[in-house]
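In: Following is a predicted model, sequence given first.
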Amino acid sequence: MRMPFRLNLTLGLALVSMVILGAVFAPLLTAHDPILDADLMNSEMPPSWDHWFGTDSQGRDVFSRVLYGARVSLTIGIVAQAINSTIGIALGLSAGYWGGWWDDLVNGLTNLMLAIPSLVFALAIMAVLGPGVVSLLIALGLTNWSWSCRITRGAVMSLKSQGYVQAARTLGYGDIRIMLTQLLPNIVGPVLVMATLGIGEAVLAEAALSFLGLGIRPPAPSWGNMLTDAREAIRSVPWATIFPGLAVFVTVLGFNLLGDGVRDWLDPRMQVRA
């Protein structure tokens with residue numbers, strides 16, 4: 001049974017806003033530096049008034065590292081999805097509008113990308129480029145554009161025969177102008193939904209790659225490398241893994257609910273039911 005779209009939208013927006021506000025106002029919400037404030041005398045301390053999420057094996061405040069890690073995860077997630085959406089929309093628009101051999105080529109490439117698990121492809125790219133922020137953005141930005149391309153292509157193929165597109169051709173509009181001014185504004189809804197869902201997927205992929213040591217490198221805080229640092233002491237210091245894992249869960253859930261709510265909000269049939 002599906003949740004009402006208003007509940008999806010509200011809950012998703014609340015969770016995403018909470019994560020974004022925590023990342024933006026991290027310096028105001030915690031007095032501890034996520035890298036420099038390491039105190040071995042106070043390592044592996046449980047949650048307390050001074051350390052809300054406890055400390056890790058190096059005496060660093062877990063709460064501050066979770067907040068600053070949100071900056072990394074959100075930045076990479078948004079930028080990577082922006083790259084994915086740009087590639088997918090460009091290929092989908094051109095393939096759907098021009099058709100012919102270009103459409104066959106793009107469709108074949110899309111099917112190939114869908115056949116390869118995106119995380120496996122990202123692992124292969126990271127293995128070649130090495131760890132780092134730039135390598136991570138390249139890997140995540142080149143591996144998940146296929147769904148945006150397919151949705152854009154299908155929408156364009158159904159719209160390019162509409163009267164307003166024919167009228168634009170009659171007025172002498174070029175192909176690029178028609179695609180950007182007549183077709184793109186009319187497919188922004190499904191593209192926006194895919195982009196919202198894709199951010200959550202990119203955040204999860206970044207955490208997975210960082211956990212494997214191919215993403216953000218320590219001591220910079222990242223939810224993935226925080227889980228890596230704490231995995232050997234998961235029984236004695238469970239809070240060091242619970243809170244970063246919970247941060248990933250809440251962020252991905254928030255973007256998924258937000259994308260689901262936006263999709264239903266843009267669907268006229270859901271508006272009538274509401």
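Out: Perfect, I can see it now.

In: Give me the mean pLDDT for the longest helix anywhere in the chain.
Out: Of all the segments of type helix in the chain, defined by DSSP state H, the longest one is helix 62-98. Average pLDDT, helix 62-98: 91.

In: what's the next helix or strand after that helix in contact with?
Out: Helices and strands here follow DSSP states H and E; after helix 62-98, the next one along the chain is helix 100-115. Helix 100-115 has contacts (C-beta atoms under 8 Å, 6 or more residues apart in numbering) with 91-92, 94-96, 121, 143, 145-147, 149-150, 153. For every residue, glycine as well, the C-beta is placed using N, CA and C.

In: For the residues you listed, work out which two are farthest apart.
Out: Gly96 and Phe121 (24.1 Å; C-beta to C-beta).

In: Have a look at those two and say which one is more surrounded.
Out: Just comparing Gly96 and Phe121: by other C-beta atoms under 10 Å the higher neighbour count belongs to Gly96, 25 against 16.

In: Leaving out sequence neighbours, find the closest residue to the more buried one.
Out: Of all residues not flanking Gly96 in the chain, Val156 sits nearest, at 3.0 Å (C-beta to C-beta, 6 or more residues apart in numbering).

In: what's the angle from the helix or strand containing that neighbour to helix 100-115?
Out: Per DSSP H and E, Val156 falls inside helix 146-159. Taking axes from the mean of the first three to the mean of the last three C-alpha atoms, to 10 degrees, one finds helix 146-159 and helix 100-115 inclined to each other by 140 degrees.

In: Looking at helix 146-159 now, give me its mean pLDDT.
Out: Helix 146-159 comes out at a mean pLDDT of 90.

In: CA atoms only: put the helix or strand just after it into PDB for me.
Out: Moving toward the C-terminus from helix 146-159, the next helix or strand (DSSP H and E) is helix 163-170. Extracted C-alpha coordinates of helix 163-170, given in PDB (Å, rounded to 0.1, in the frame of the first residue of the first chain):
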ATOM      1  CA  GLY A 163       1.500  20.600 -33.200                       C
ATOM      2  CA  TYR A 164       3.600  23.200 -31.400                       C
ATOM      3  CA  VAL A 165       6.800  21.400 -32.500                       C
ATOM      4  CA  GLN A 166       5.600  21.400 -36.100                       C
ATOM      5  CA  ALA A 167       4.700  25.100 -35.700                       C
ATOM      6  CA  ALA A 168       8.300  25.800 -34.500                       C
ATOM      7  CA  ARG A 169       9.700  24.100 -37.500                       C
ATOM      8  CA  THR A 170       7.400  26.200 -39.800                       C
END
